[in-house]
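Chemist: From the sequence below, what's the structure:
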Amino acid sequence: MPATVFHFKRFTINQDRCAMKVGTYGVLLGAWVTVPDAGKILDIGTGTGLIALMMAQKSNAFIDAIDIDLPSYEQAKENVLLSPWSDHVRVIHSALKDYKPGYRYDLIVSNPPYFMDSYAATDEARNLARSASASLSYDDLLNGVVRLLVNTGRFSVILPHKEGQIFRESRAEWPLL
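Modeler: Model (predicted):
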């Protein structure tokens, strides 16, 4: 069973109420992304708030972190409040398709639900967090990115190899990305 708390150098992630725990992909994305020092960042499907907090420790940008799952939203909000960056990270309970902030972002990051051909998880919250077909298809993700990213902005996503190939193929129809 995964630990309910994950400690980083400058912050702690509580994860006892989240369907998906801190994992390699989230940590890699948070470490890999080059973050603007100012501006606005959106973390789509924030889960525990890990990636949003990793962006905050590397930047003075204002960060919005959205999640559709209520327990994950509540846990991410708690993790942000306990962090040194609670003044510039905001956690929002929303599906991407319903999210209308009134402004656009300089950087959008996501460790999205990515399993396409795998068996559904028995836990509904875990299935929502893991399965692209259950919660956030690649088309829905790309539609949201196109709608919310400034023209000069960047989108950073992390996917397993097979799903990454499918995602790249679906991007061929999206000339803006």
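Chemist: which ones are touching Asp37?
Modeler: 59-61 (CB atoms under 8 Å, 6 or more residues apart in numbering). All C-beta atoms are positioned from the backbone trio N, CA, C, and that covers glycine.
Chemist: now swap in Phe6 and tell me
Modeler: With CB under 8 Å, 6+ apart, Phe6 has these contacts: 12-13, 15, 21-22, 48, 50.
Chemist: Arg154: which of those residues is nearest?
Modeler: Nearest to Arg154 among the contacts of Phe6 is Leu50, at 19.3 Å by CB to CB.
Chemist: Can you tell me how far the closest residue to that closest one other than its chain neighbours is from Leu96?
Modeler: By the measure of CB to CB, 6 or more residues apart in numbering, the closest residue to Leu50 outside its immediate chain neighbours is Gly26, 5.0 Å from it. Per CB to CB, to the nearest Å, Gly26 is found 17 Å from Leu96.
Chemist: what do you get for Val22?
Modeler: In terms of CB to CB, Val22 sits 22 Å off from Leu96.
Chemist: quick one: least confident of the contacts of Phe6?
Modeler: On pLDDT alone, Lys21 ranks lowest of the contacts of Phe6, at 85.
Chemist: Work out the gap between the strand or helix carrying Phe167 and the centre of the chain.
Modeler: For Phe167, the host element (DSSP states H and E) is helix 161-171. Centroid separation for helix 161-171 versus its chain: 18 Å, with CA atoms, centre = their mean, to the nearest Å.
Chemist: what packs against it?
Modeler: helix 138-148 (3 or more CB pairs under 8 Å, 6 or more residues apart in numbering; DSSP states H and E).
Chemist: Return the residues in contact with Leu70.
Modeler: Neighbours of Leu70 in contact, by CB under 8 Å, 6+ apart: His93.
Chemist: I'd like to know how far it sits from Arg90.
Modeler: Taking CB to CB, one finds Leu70 at 17 Å from Arg90.
Chemist: Using TSV, please lay out the contacts of Asp37 together with neighbour count, distance to Ala3 and pLDDT.
Modeler: As requested, these are exported to TSV (neighbours: other CB atoms under 10 Å; distance: CB to CB, whole Å; pLDDT from 0 to 100):
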residue	neighbour count	distance to Ala3	pLDDT
Ser59	20	27	94
Asn60	12	31	95
Ala61	19	29	97
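Chemist: Can you tell me which of the residues you listed is nearest Ser137?
Modeler: Scanning the contacts of Asp37 for proximity to Ser137, where the rule is CB to CB, the winner is Ala61, at 27.7 Å.
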